[in-house]
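[1] I need the structure of the sequence given here:
(2 chains)
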Amino acid sequence: MKILFFGTPRFAEIILQGLFDNNFDVVGVVCQNDKPAGRGNKMKTPHIVEIAREKGVPVYQFEKIREHIEDFKAMDYDLAVTASYGKILPKSFLDLKPCINVHPSMLPKYRGATPIQSALLNGDTMTGVSIMKTEVGMDDGDIFVQKEVEILPEDDYVSLLDKLAKVGLDLLIETLHKIENGNAIRTPQDDSKATFVKLIQKEDALLDFSMSAQSLVNKVRAFCENPVAFFHLGEDRIKVYKAKVANMSTDAPVGQIISTKKHFQIQAADGVFEILKCQASGGKVMDASSFLNGYRFKTMAVSL
RNA sequence: CGCGAGGUAGAGCAGCUCGGAAGCUCGCCGGGCUCAUAACCCGGAGGUCACAGGUUCAAAUCCUGUCCUCGCAA
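    Residues are numbered from 1 along each chain as shown, chains lettered A, B, ... in the order given. This is a model prediction of the structure:
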């Protein structure tokens, strides 16, 4: 069975690599265009391109899928597989050949672009992965199989994504075999239970200390890779990569920095938020003790 | 040529404006105090101040070039 793979970021990389490792016949990889990124706005090629090229698999970076329907018609493949491709596939493409999708949530919960972050933000203790038929609608196709995955308190976006991708790979392989053998069964989603999650904006990552300490920690966990939770301290912007709820209570006002000696602690609405790993503008990411060793506090209250 | 910050001991920083004996916090090693400790006290090791040129009696500090790291914006 010849597979045409669609996907761009890390989640897709893991799935694609897994397909290669299990000797699936991937005949092409479609991913997003090179984009100007970082300092100097140099063009950056998605990392998945390297993974594909290592295997000698052709890579297609189409700006608009619907303008390349003829190209797809000319390709020799049996099934399209998508894994966080990042764009909605047009009906004209979906009508060509069957297409299935790996979605990191227990559909119909968390349809949309940010299921992993949303589960963390909401403090969920369980999430999962679904393999489904790709349809024109947003993540609303029939489900082949799905499996729950536990979210541990210490999980963050990166660790959870890795877990979900691995489970997703297993489920995908299982489904591919069933499709090949003609015994795949799929069941419709219960649309009445569907929930949707939106793209993340940079401002969503601002830490508002009038929220609970746990929800602040959840924000840090959800955004640890991008855009990274942050707050303003005087003129500086501090990005927080890792944090926990400190087991203590004070009567300090919200946003007050409680300790800068051994611990970097800030008062939140209902408790104390402790920073474990952070970064100031222009500086490197460092653990709290290193940060506190050198940082010169000009103010002891977070700008709200 | 998008805007900006920075490279000084194992880590994080000050010193640079106004050139003139390398400092601070933490860690590490040794000793002391303590019922005890992430606490406290005393002592110690550890740095060609990113690299290369230049100016100077003298450069971490001034000038020129190179390499590297990072924040913002897209």
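[2] quick check, A:V254 in contact with A:V272.
    No: look at A:V254 against A:V272 with CB atoms under 8 Å: they stay out of range, at 10.9 Å. (Each C-beta comes from the backbone N, C-alpha and C, glycine too.)
[3] name the nearest residue to the residue of the stretch 51-200 of chain A found nearest RNA strand B, ignoring sequence neighbours.
    Using CB to the nearest atom of the strand, the single residue of the stretch 51-200 of chain A nearest to RNA strand B is A:I200, 13.0 Å away. The shortest distance from A:I200 to any non-neighbouring residue, by CB to CB, 6 or more residues apart in numbering, is to A:T114 (5.7 Å).
[4] count the residues that sit near that neighbour.
    Using other CB atoms under 10 Å, A:T114 is surrounded by 20 other residues.
[5] OK, contacts around it?
    By CB atoms under 8 Å, 6 or more residues apart in numbering, the residues touching A:T114 are A:197-200.
[6] tell me the bridge partners for A:T127.
    Counting by DSSP bridges, A:T127 forms beta bridges with A:V149.
[7] ok, A:F209 to RNA strand B distance?
    Using CB to the nearest atom of the strand, to the nearest Å, A:F209 is found at 19 Å from RNA strand B.
[8] and stretch A:287-296, what's buried?
    Neighbour-count burial for stretch A:287-296, counted by 16 or more other CB atoms under 10 Å, picks out A:288, A:291-292, A:295.
[9] typo on my end, it should be stretch A:205-221
    By 16+ other CB under 10 Å, the buried positions in stretch A:205-221 come out as A:205, A:207, A:209, A:211-221.
[10] which one of those is nearest to RNA strand B?
    Among the buried residues of stretch A:205-221, A:A205 lies closest to RNA strand B (CB to the nearest atom of the strand), at 9.1 Å.
[11] list the contacts of that closest one.
    Counted by CB under 8 Å, 6+ apart, A:A205 has contacts A:219, A:223, A:227-230.
[12] before we move on, what about A:Y77?
    Applying CB under 8 Å, 6+ apart, one finds that A:Y77 lies in contact with A:2-4, A:27-28, A:97.
[13] can you check A:F5 too?
    Contacts here follow CB under 8 Å, 6+ apart; on that basis A:F5 touches A:12, A:15-16, A:19, A:26, A:28-30, A:80-83.
[14] show me which of the contacts of A:T114 is closest to A:K239.
    The shortest approach to A:K239 among the contacts of A:T114 belongs to A:I200, at 14.8 Å (CB to CB).
[15] torsion angles phi and psi at whichever residue of chain A sits closest to RNA strand B?
    Of the residues in chain A, the one nearest RNA strand B is A:G294, at a distance of 2.2 Å by CB to the nearest atom of the strand. The phi/psi pair for A:G294 (degrees, to the nearest 10) reads phi -110, psi -20.
[16] could you do A:S84 as well?
    According to degrees, to the nearest 10, A:S84 has phi 40, psi 60.
[17] surely it is in contact with A:F6?
    No: look at A:S84 against A:F6 with CB under 8 Å: they stay out of range, at 9.1 Å.
[18] the residue of the stretch 51-200 of chain A closest to RNA strand B: what's it in contact with?
    A:I200 touches A:114, A:117, A:223, A:226-227, counting by CB under 8 Å, 6+ apart.
[19] pLDDT score for A:A37?
    Note for A:A37: predicted pLDDT of 89.
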